[in-house]
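**Student:** Provided below for reference: sequence and predicted model.
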Amino acid sequence: MAGVVMMTVLAGVVAGMPGPGMLFDWPAFPSAGFVEVVNPAALAWQRDMTLSVGVPSSDSSLHRPDRVYLGLPGIGASGWWEGKGDLRRFTVGSATTLVDGMASIGTSYTWMDPVTSDEWEGARSWDIGVSFRPSAVFSFGIVRRSGFESAGVEHEASYRGGLAARPFGPVFTLTGNVGVDEDFDDFEFDGGFEVRPVPGAALRLGFSEDRVSAGISSDFGHVGAAFSGLLEDENYAGGRAEIRLTSSPRRSILPPSGRYVRIETGSTAEEQTRDFLGPVKRSFSEEILLIERAVDDPSVEGLIVDLDGGTGTAAQAEELRTQLARARSMGKQVVVYAGSPGNIECYVGSAGTEFWMHPAGETFFSGFAAHGIFLRDFLDNVGLYPDFVRIGEYKSAADMLTRSDMSEAQRIAETALLESFHRELFLALTNGRGLEPPQIVTILKAGMMPPHEAVDAGLVDGTVFPDEIEERLEALNGRGITVRSLDEYEASIPIDDDWGPEPRIAVITATGFITRGRSGTSFPLGGTMGSETICELIRDAASRPGVKAVVIRIDSGGGDAFASEEMHHCIDEISKEMPVVVSMGGVAASGGYYIACCADSIFADSYTVTGSIGVIGGKIAAGELLDRIGIGVETIAPYPMADLFDVFSSFTDDQRRNVEESIGRCYDLFTGRVADGRGMTKEQVDSIGRGRIWSGSDALEIGLVDRIGGLTDAVRCAAGMAGLGEDWVPVIEVHPRPGLFDGLSLSPFRGASVLDPRSLLNQISAFDRPLYLMQPVIVE
C-alpha cells in the first residue's frame, strides 16, 4: 500500500489483551505493519520483506520504541513491550492463498509474557481470518479472535468483518466494518477511508460512535514514515509514529529523476536459461519488455547501450533498435557503444544520439550475405542416399542433402530476402545517421574502416574506451550523471498493493525444431519445441487468474507436421476464449508459420524470415554404406509398404507415389489452415506458398502477417484487444520458466538460429513423417 503503517494508541487491547490498540482495525484493508493482528489472512498479500518499528506518543512528545514487526510473503511476527519490558506480547502468523490472487486464509497465535505480574499469565489466543479480493475494486475480510482465560478471568471470543471498495482505483479506498461478540448480541459499527493525493503519500480517517482516528504517511522508496493520532470523546488520547523498511521500493513522494540506465546486451536466448545451480537469466522477451519500461519511464533521462555482449538475431536487434529510436524521439539521450561495429551494430547504433566505438577497433559494415551448405557429394562418397519428396519448387529444405549446389528457386528466394534486409538497413541509416543511399553504398564497398574513416564517413560519432563512457557523457552534458544497470533499474521499480488478480498478458516462448511430445535439449544441437509442452503451457497460462490475453513468441523454422497441427489446434481453441497474438522472432517459417496462422493478429519484424508454406518427406537410405563396410541386410516384406521407411533401401516407384500422395494431403491441409486463418483462398495461399521464404516486410505486403513490430508491440496489441486501457502498465508472465535443472546453458549451440543447418540434421533419423521445414540457410 501507499505507505500508511497502522497507527495505534497506548492503551488499546486486542482480543482483551494489553498492547498497542488499533486505530484502523480494517479486516478488508489492513496496513502493512499490523497485518498479523488485524487479519492474518492478508499476510498472503505481502510481496516482500517488511520491518517496522513503532514509537508511542503523548501530547507532542515521542517515547522509546515499544513495538517491532517483521513480515515476509505469507508470514508475519511482532513483539510489543510496556515500559521497561515488564509486560510483553508476541504474535506470529501465516497465510496461504486458496485461489491465486483472489482468496486467502490465515491464522495467528498471540501470547503474553508478564514479567512482574501474574494478571496475564497463561493468556493465549488463536485467531483465524479470511480475505477475499476478487477484483481491483472490492475487498472483503473477516477474522475470528478467539477467547482465552487468564488469572481465572474468561475473555470471550469475537468476530470482525469488513468490506472495502476502490471505485476510482487505489487513490481512494472506502471501508465499512462491523464487530460482534460470539453470541451475536452486541454489534459495533465503524468506517473510514484512505486518500492518496500524490504518489507516495496517504491520508487516513477512521470514525466510530465516540472515536475519530487520523493518520498521514509518506514513502521514500525503501523507507516509509507515518504518524497518527486518536480523538476519544473529543479529547486527544495519544498516537504513534512508525518507521518502515522494505526490501522492495514503494512509490516515493520524491520520485527519482535524471537517471541513466546502462544496458549491456547479451540476453538473446528466447527462453530463460540458468547456469548450473546459478540464478535464472532473463529471456530476450523479458529483457526487451524491461527496456521498453525504462524508455517510457519519465525518471530515466537517457540510455547507455553496450553492444559488445552480442545482439542476437537481426530481428532481435531490430526490436532493440526500435526501443532506442523511441527513446530518442522522446528527447532522451541514447549513447550506443560497440568495440568494432559490424552490420548489426551499425544498424542498432544508428538509433543513438551518440554512437561511439573503441579507439583500436574497426568497423566492418559490409552488408548481408547468404550461404547454403550442400552435402550431397559427401553423402554419395560415404554411401548414403537422400530420398525425399517435396511440394513446391521453393520447398528446398532437403536440398542440403539432395543437391550439390543452390537451385534457381532457392537463389531467387534468398536474393529477394537479402534485398529486403538491405532496404531495412538503408532506411535505418538514412533516418538515424542522415546518410543517403549512395553514401551507404560507398561505405559498404569499402569494407573494414579504421575509426577516423568511420567518423568521416558519418557511420560513428567518435571513439572512447568502454570504461570512460560515463566520463565522456558527463563532459558532453557539462554535469554529473547517475547511472544504474538494467538490473538495478529493475530492482528500483516500485510495487503496488493492487487488489485481486492483476490484469496480465501471458507470453509463451515457442522456439526450436518442432517435435511431438515434450520440449527438450540435445547436445550439441540445442533445444526442440515439443507440441505437448507448448500446448500445456498455453492452456495453463490461459487458465490462470488475471490472464487476459496470450502472446506467443515463435522462433522456429518448422519440423514435425503432426506436432504443428496439434499446436495450431490448441491456439485456435484458446483464441475463442481470449485474444491470441503471435510475435515472430528471427524465424517463424513452415511449421513455425503453421502454428501462427490462426492467431488473432500476427506481428513480424522486418528481419523475420517467414512463409515457407510447403511440405517435405523422405528418408536417407544407408544400404550402400552398409555394403561398403561389409554389413549385409535382407528384408522380408509381405506387403509393398511394409518397408516404406526403413533405412536400408530407397523408395520403390509405388512407395514414392504413396509418399507423394501423403505429402500432397499435408500440403492441402497446410494451405487450408493458412487460408482459414488469413482470410484467403487456397489458390491465393498456393501462389505465395510452394515453399518460398519471405522477409517480414514482404510478408506484410502479401498478407501473411498483420503488422511490422516486435514483442512489445504484440503485447500492446493483445492488451488493447483484451480491453486494458492505455495507462495499463504491462504485467507480463513469461513461460516456460526453468526449474533447477531445466534450461541449463550446457550446449554451445543453445539458442543458435534455426536458420542454421543443424536444425535440419537434428531430425535426420525421423523422416518417417511429413515435415513442415524451411530451407536451412545462414544469413550474416
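**Tutor:** Ah, there it is.
**Student:** all contacts plus neighbour counts: C-alpha atoms, from now on.
**Tutor:** Fine.
**Student:** What sits closest to S217 if chain neighbours are left out?
**Tutor:** Setting aside the residues directly before and after it, S217 is nearest to A226 in space (Cα to Cα, 6 or more residues apart in numbering), at 4.0 Å.
**Student:** Am I right that that neighbour falls within a helix?
**Tutor:** No: under DSSP: H, G, I helix; E, B strand; the rest coil, A226 falls outside any helix and is assigned strand.
**Student:** Quick check: it touching A214?
**Tutor:** No: counting by Cα atoms under 8 Å, A226 stays clear of A214, with 10.8 Å between them.
**Student:** Quickly list what the residue nearest to S217 is bridged to.
**Tutor:** Beta-bridge pairing of A226 under DSSP bridges involves S217, E242.
**Student:** Around it, count how many other residues there are.
**Tutor:** Using other Cα atoms under 10 Å, A226 has 23 other residues around it.
**Student:** Quick one: list the elements packing against whichever strand or helix holds D380.
**Tutor:** Secondary structure assignment for D380, by DSSP states H and E: helix 376-382. Other elements packing on helix 376-382 under the criterion 3 or more Cα pairs under 8 Å, 6 or more residues apart in numbering; DSSP states H and E are strand 385-391, helix 399-402.
**Student:** Same list, the ones you listed, but as JSON lines with distance to Q655 and mean pLDDT please.
**Tutor:** Rendered in JSON lines, the data for those read as follows (distance: least, Cα to Cα, whole Å; pLDDT from 0 to 100):
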{"stretch": "strand 385-391", "distance to Q655": "11", "mean pLDDT": "92"}
{"stretch": "helix 399-402", "distance to Q655": "18", "mean pLDDT": "92"}
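**Student:** could these be laid out in JSON lines, adding distance to T353 and mean neighbour count?
**Tutor:** Output for the helices and strands packed on helix 376-382, formatted as JSON lines (distance: least, Cα to Cα, whole Å; neighbours: other Cα atoms under 10 Å):
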{"stretch": "strand 385-391", "distance to T353": "49", "mean neighbour count": "21"}
{"stretch": "helix 399-402", "distance to T353": "44", "mean neighbour count": "22"}
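**Student:** Put together a markdown table for the ones you listed, with distance to Q439 on each row.
**Tutor:** Listed next are the helices and strands packed on helix 376-382 as a markdown table, based on distance: least, Cα to Cα, whole Å:
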| stretch | distance to Q439 |
| --- | --- |
| strand 385-391 | 43 |
| helix 399-402 | 37 |
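**Student:** Any idea which of those gets closest to M357?
**Tutor:** For M357, the closest of those is helix 399-402, at 38.7 Å, according to Cα to Cα.
**Student:** So, low pLDDT: which residues of the stretch 401-550 of the chain?
**Tutor:** Low-confidence segments of the stretch 401-550 of the chain (pLDDT under 70): 522-526.
**Student:** which residues in it form strands?
**Tutor:** With DSSP state E, counting those that start in this stretch as the definition, the stretch 401-550 of the chain shows strands at residue ranges 448-449, 462-463, 482-485, 504-511, 513-515, 520-522, 526-530, 547-556.
**Student:** same deal with the stretch 1-150 of the chain?
**Tutor:** With DSSP E, counting those that start in this stretch applied, the stretch 1-150 of the chain shows strands at 8-9, 13-14, 17-18, 21-22, 50-58, 61-62, 67-72, 75-82, 87-99, 103-114, 124-132, 138-145, 148-150, listed in chain order.
**Student:** mind checking which of those is nearest M578?
**Tutor:** For M578, the closest of the strands of the stretch 1-150 of the chain is strand 87-99, at 20.5 Å, according to Cα to Cα.
**Student:** just to revisit the earlier point, for the residue nearest to S217, give its distance to A202.
**Tutor:** According to Cα to Cα, to the nearest Å, A226 and A202 sit 9 Å apart.
**Student:** May I have the helix or strand encompassing C346 as CSV, with CA atoms only?
**Tutor:** When elements are defined using DSSP H and E, C346 is found to belong to helix 343-349. Taking C-alpha atoms only, helix 343-349 is exported to CSV below (Å, rounded to 0.1, in the frame of the first residue of the first chain):
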residue,chain,number,x,y,z
ASN,A,343,26.4,-4.7,-39.9
ILE,A,344,24.1,-5.2,-36.9
GLU,A,345,25.9,-3.0,-34.5
CYS,A,346,25.9,-0.1,-37.1
TYR,A,347,22.2,-0.8,-37.7
VAL,A,348,21.4,-0.6,-33.9
GLY,A,349,23.8,2.3,-33.3
